[in-house]
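1. Structural data only, the sequence is not supplied:
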């Protein structure tokens, strides 16, 4: 029987696939959507197998398009962030991470849109200290709610990588981070057997979304692609900021 919850889950799986196909930041919508029916960490755990399956497809699609420097820095730093998340999750409200993630994304978008000079628009070379910092933050926020896109993009977007290299680097980075979450989620008791039939259905939808995201990334121009990513990031950051602030204020009441 088709229910609202099933439709939301199918849509969430499709946008997870879109993000792995190259429309980065789209997946950040998935957990907030599913969180209408369960707490955010449980929603993240339910979606993790879908992320991992679509990651595998995305990595194959982008196996020749990636930036080695970013992968060498962001993947190890992201794994450290997942470890930090595993250790602090029992002590820090999820809303704190949610609010911080949203504010990071908003800060990046506002800076990118307000800076008009040619110097501001020039590519910004990556640096190791910043890469480690943003990578750890990416892993930490991704662990909590699969919302690592804002800190990741705050570091990588200013580099102005070619759009397909950016998409491939994003897909491969988050594939490694998502895979590392599996033992972490298991250790915290967040994973259960669930409905294998439902998970299989969601995985098929996510795979279709991955191919659709790849095609859409190829079709968009460089400028349009960056604009789409930034608009998605802004909308998602507003939603995350509002959700986190509301939850924190409710807890204080």
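-> Cool, the structure landed. All values reported here derive from a predicted model rather than from experimental measurement. Numbering: from 1, shown residues only.
2. quick one, what contacts residue 149?
-> Residue 149 sits next to 19, 24-25, 27-28, 105, 233, 236 when contact means CB atoms under 8 Å, 6 or more residues apart in numbering. Every residue, glycine included, has its C-beta placed from N, CA and C.
3. Could you tell me which of those are located in helices?
-> 19, 105, 233, 236 (DSSP state H).
4. what pLDDT does the nearest residue to residue 170 once chain neighbours are set aside get?
-> If the residues on either side of it in the chain are set aside, residue 170 comes closest to residue 24, at 4.6 Å by CB to CB, 6 or more residues apart in numbering. pLDDT, residue 24: 71.
5. wait, doesn't residue 207 sit right on residue 57?
-> Yes: using CB atoms under 8 Å, residue 207 makes contact with residue 57 at a distance of 5.4 Å.
6. Mind listing the shared neighbours of those two?
-> In contact with both residue 207 and residue 57: residue 17, using CB under 8 Å, 6+ apart.
7. okay, now residue 79: neighbour count?
-> Using other CB atoms under 10 Å, residue 79 is surrounded by 18 other residues.
8. now the one 4 residues further on
-> Applying other CB under 10 Å, we find 16 other residues in the vicinity of residue 83.
9. which residues touch it?
-> Taking CB under 8 Å, 6+ apart, we find residue 83 in contact with 139, 184.
10. Next one: it from residue 90, what distance?
-> 14 Å (CB to CB, to the nearest Å).
11. Could you do residue 81 as well?
-> If you measure residue 81 against residue 90 using CB to CB, the figure is 17 Å.
12. Who has more neighbours out of the two?
-> For residue 81 versus residue 90, neighbours defined as other CB under 10 Å are more numerous around residue 81 (27 against 7).
13. Quickly find the element holding that one.
-> Here residue 81 sits within helix 68-88, counting by DSSP states H and E.
14. Okay, now the unreliable bits of the stretch 151-253 of the chain?
-> Counting by pLDDT under 70, the stretch 151-253 of the chain shows low-confidence ranges at 192-195, 253.
15. any idea where the helices of the chain begin and end?
-> Using DSSP H, helices in the chain cover 4-20, 30-34, 40-61, 68-88, 94-114, 118-121, 128-145, 149-156, 163-187, 196-219, 222-252.
16. Please work out which of the ones you listed is packed deepest.
-> helix 149-156 (a mean of 26; mean count of other CB atoms under 10 Å).
17. And for residue 20, nearest residue in space, chain neighbours not counted?
-> residue 58 (3.5 Å).
18. and what of residue 34?
-> In this structure, residue 34 finds its nearest non-sequential neighbour in residue 43, 3.9 Å apart by CB to CB, 6+ apart.
19. Same question for residue 112.
-> Ranked by CB to CB, 6+ apart and with sequence neighbours excluded, the top spatial neighbour of residue 112 is residue 230, at 6.3 Å.
20. and the ones in helices among the contacts of residue 149 as TSV, adding distance to residue 197?
-> Formatted as TSV, the ones in helices among the contacts of residue 149 follow (distance: CB to CB, whole Å):
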residue	distance to residue 197
19	24
105	35
233	34
236	30
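21. For the residues you listed, work out which two are farthest apart.
-> Spanning the widest gap among the ones in helices among the contacts of residue 149 are 19 and 105, at 14.4 Å by CB to CB.
22. How about residue 11, nearest residue that isn't a chain neighbour?
-> residue 33 (6.8 Å).
23. which residues touch the residue nearest to residue 20?
-> Going by CB under 8 Å, 6+ apart, residue 58 touches 20-22, 171-172, 175, 210, 213-214.
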